[in-house]
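Asker: Whatever this is, show me its structure:
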Amino acid sequence: MSMSTMTSDAAPTLERAQSISRRILASAWAMPSFRVGLFVFLAMLLVSAIYPELSSISATKMVVKDKFIPPLFLGEKWTWLHPLGTDQLGRDMLLRCLIGLRYSLLIGVVTVALVFLIGCGLGLLAGFKGGWWDTVIMRITDAQLSIPMIILAITILGVTKPEVHTIIIVLALSGWPLYARVARSAAVTERGKEYVRGLRVLGAGDWRILLLYAAPNILPPIAFVAVLDVARMMIFEAILGFLGLGIQPPTPSFGSIISDSRKYLINAWWIATSPGVFLALALTSINLMGSALEKARNKIYGGA
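Answerer: This next block holds a predicted model:
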């Protein structure tokens with residue numbers, strides 16, 4: 001039997017994986033929670049991307065005479081120019097929150113993408129190849145899992161310059177072991193299936209089987225659940241900003257805004273509340289989507 005015959009025989013496996021992915025997405029879309037989360041997420045994404053570019057106001061320029069202006073319809077000095085009011089230095093809170101949201105989403109999405117690629121790549125390699133590959137990768141994973149993620153991030157960022165790319169790399173290097181564990185477990189199960197044995201008998205190498213046939217079966221379910229991790233990374237970014245190890249001033253971030261506003265909680269509560277509300281909305285929308293995708297995945301795999 002030729003390699004072309006082998007490929008045609010394995011094609012149904014690839015098509016089945018793609019079909020399952022489409023069924024999971026369709027099942028999730030049928031849930032109202034997924035649609036609500038998606039629409040809220042897209043709305044916040046578009047506003048954070050467009051409004052700061054169109055606004056004539058600076059998010060970092062200090063205007064002391066405009067300090068502590070309250071949000072619309074609250075207090076006596078409110079103005080349409082600053083819908084969410086201003087902070088202790090007269091900077092527009094809406095603009096600062098949107099820029100903070102932009103960086104938070106950027107760090108969350110890119111970090112999860114890197115974590116997924118690194119963790120799943122190493123996990124697939126360990127589970128599919130076995131032997132010393134498995135031993136070395138899993139021992140490194142065990143060692144890193146023994147160190148809490150936030151502690152490792154704080155330690156590294158404490159001795160380096162906290163910039164956007166640095167934060168992304170640190171969070172990605174801190175979070176990959178969990179994905180490696182899940183991917184490795186799935187790869188061990190997959191390598192024992194009949195189609196893998198058949199491909200090996202026909203002469204296909206491990207790398208070809210892993211990349212072309214096993215990975216499409218293993219990765220989509222993990223990717224759907226990874227959506228939930230975007231919210232977790234956004235929380236970590238806010239924690240680092242609150243500790244002074246996130247995006248550095250004058251660039252606004254959720255953590256730094258909340259940290260700077262602690263002393264004004266009584267007289268100017270909106271300075272801390274505004275970024276908290278934006279962060280809560282973003283996290284809720286992501287969790288709604290991720291939860292719906294996880295339920296759809298469990299439903300499809302339970303009935304597949």
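
Asker: From here on, just use CA atoms for contacts and neighbour counts.
Answerer: Noted.

Asker: Surely Pro250 is in contact with Thr60?
Answerer: Yes - judged on CA atoms under 8 Å, Pro250 makes contact with Thr60 at a distance of 6.0 Å.

Asker: Looking only at neighbour counts, state which of those two leads.
Answerer: Using other CA atoms under 10 Å as the criterion, Pro250 and Thr60 rank with Thr60 on top: 16 against 10.

Asker: Let me see the contact set for that one.
Answerer: Thr60 is in contact with 91, 96, 250-252, counting by CA atoms under 8 Å, 6 or more residues apart in numbering.

Asker: Any chance of these in JSON lines with pLDDT and secondary structure as columns?
Answerer: Output for the contacts of Thr60, formatted as JSON lines (pLDDT from 0 to 100; DSSP: H, G, I helix; E, B strand; the rest coil):
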{"residue": "Arg91", "pLDDT": "91", "secondary structure": "coil"}
{"residue": "Arg96", "pLDDT": "93", "secondary structure": "helix"}
{"residue": "Pro250", "pLDDT": "86", "secondary structure": "coil"}
{"residue": "Thr251", "pLDDT": "88", "secondary structure": "coil"}
{"residue": "Pro252", "pLDDT": "90", "secondary structure": "coil"}
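
Asker: What's the PyMOL line that selects buried ones from those?
Answerer: Selecting only the buried entries of the contacts of Thr60 in PyMOL, with 16 or more other CA atoms under 10 Å as the criterion:
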select buried, resi 91+96+252
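
Asker: Closest one of the contacts of Thr60 to Val225?
Answerer: Pro252 (29.6 Å; CA to CA).

Asker: and stretch 249-259, how far apart are its ends?
Answerer: 12 Å (CA to CA, to the nearest Å).

Asker: buried stuff in that stretch?
Answerer: Applying 16+ other CA under 10 Å to stretch 249-259 flags 252-259 as buried.

Asker: burial measure for Leu125, as a count.
Answerer: 22.

Asker: helices or strands up against the host helix or strand of it?
Answerer: Assigned by DSSP states H and E, Leu125 falls within helix 93-129. Helix 93-129 sits against helix 32-54, helix 131-145, helix 164-191, helix 215-242, helix 254-260, helix 270-303, with contacts defined as 3 or more CA pairs under 8 Å, 6 or more residues apart in numbering; DSSP states H and E.
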